[in-house]
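K.L.:
Build me a model from this:
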Amino acid sequence: MTATPQEARERARIAIREFRPEDYAGITDVSNLVDPDYPSTETEVREEDAMWDRKKYVQVRYVTADAGTGAIVALAEYNHMPWSFDPRRFAMWIGVRPDRQGQGIGRALYMRLLEDFRARGASALRSWVR
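P.N.:
A predicted model of the protein is given here:
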């Protein structure tokens, strides 16, 4: 499937990168826009991350930022499930701002996660949709 010229321009304006601490406000905004029934605050997300035991469990997060403005437009994350731990089983979530959906951003993030899962020898994935 060939991208239209507009799709190609949109993809060129997007960059996937690893999450950085300065991204908390942006990922909280994306999460709240995608799932407004379960809002969170930047402080809550930071506190949850601070409590995560990274010595035992994997937690990886990527963001997609608009190359022109640097604004976070999407988020993808995965982690082990401590309540059902297996080193090859992961939970994952991808969220794209509603005004940026339908541009291939979620698909690109999904493909990035699949690379990680293959490299980690994942045997099972858990996700959810709305």
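K.L.:
Show residues contacting stretch 112-122.
P.N.:
With contact meaning Cβ atoms under 8 Å, 6 or more residues apart in numbering, stretch 112-122 is reached by Ile16, Val58, Val60, Tyr62, Ala76, Tyr78, Arg88, Arg89, Phe90, Met92, Ile94, Leu125. C-betas here are computed from N, CA, C, even on glycine.
K.L.:
ok, how many other residues are close to the second one?
P.N.:
Counted by other Cβ atoms under 10 Å, the residues lying close to Val58 total 13.
K.L.:
Repeat that for the fifth one.
P.N.:
By other Cβ under 10 Å, the residues close to Ala76 number 25.
K.L.:
Kindly state the beta-bridge partners for it.
P.N.:
Note on Ala76: beta-bridge partners by DSSP bridges are Tyr62, Ile94.
K.L.:
can I assume it is in contact with Val96?
P.N.:
No - with contacts counted by Cβ atoms under 8 Å, Ala76 stays clear of Val96, the gap being 9.2 Å.
K.L.:
between the two, what contacts are shared?
P.N.:
Thr64, Leu109.
K.L.:
on contacts alone, who are the packing partners of the strand or helix carrying Asn32?
P.N.:
Using DSSP states H and E, the secondary-structure element containing Asn32 is helix 24-34. Where contact means 3 or more Cβ pairs under 8 Å, 6 or more residues apart in numbering; DSSP states H and E, helix 24-34 is packed against helix 42-51, strand 59-66, strand 72-79, strand 89-96.
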